[in-house]
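J.: build me a structure from this.
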Amino acid sequence: MDDIEKRGRQRAVLLSIRDYVRRVVPEPEVLRIIGKESKQKGTNKLSSRQIDQIIKAARKARRR
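T.: Next comes the predicted model:
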């Protein structure tokens, strides 16, 4: 460990936007409930394409 140069104390931590928002703004209870239900139903694993197809079919059925 002698070859590791110390550069002082850590001054900043780099966070992604998502991590920053999660730390600053707590998740509303309603979103936690929706997420929990989604995991139970398995809908949390749908791809964007699958979601788009479901929306398209629902809109088409509504027009009829």
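J.: and I55, what does it touch?
T.: Shown in contact with I55 (C-beta atoms under 8 Å, 6 or more residues apart in numbering): no residues. In this view, the C-beta of every residue, glycine as well, is placed from N, C-alpha and C.
J.: in which helix or strand does it reside?
T.: In this structure, I55 sits in helix 48-63 according to DSSP states H and E.
J.: starting at the chain centroid, how far to that helix?
T.: Put simply, helix 48-63 sits 22 Å off its chain's centre (C-alpha atoms, centre = their mean, to the nearest Å).
J.: for that helix, buried residues please.
T.: The neighbour-count check on helix 48-63 (16 or more other C-beta atoms under 10 Å) flags nothing as buried.
J.: what mean pLDDT would you report for it?
T.: On average, the pLDDT along helix 48-63 is 96.
J.: which SS state does R11 fall under?
T.: Following DSSP: H, G, I helix; E, B strand; the rest coil, R11 is assigned to coil.
J.: tell me how many other residues crowd it.
T.: Using other C-beta atoms under 10 Å, R11 has 6 neighbouring residues.
J.: give me the residues contacting the helix or strand hosting L31.
T.: Per DSSP H and E: L31 is located in helix 29-41. Residues outside helix 29-41 that contact it (C-beta under 8 Å, 6+ apart) are N44.
J.: tell me, what residue is most central in the protein?
T.: The chain has R18 as the residue nearest its centroid, 7.6 Å off, counting by C-alpha atoms, centre = their mean.
J.: so how far is the helix or strand hosting that one from its chain's centroid?
T.: Taking DSSP H and E as the criterion, R18 maps to helix 17-24. Centroid displacement of helix 17-24 relative to its chain, using C-alpha atoms, centre = their mean, is 10 Å.
J.: how about stretch 7-17?
T.: Centroid separation for stretch 7-17 versus its chain: 23 Å, with C-alpha atoms, centre = their mean.
J.: now it: mean pLDDT?
T.: 78.
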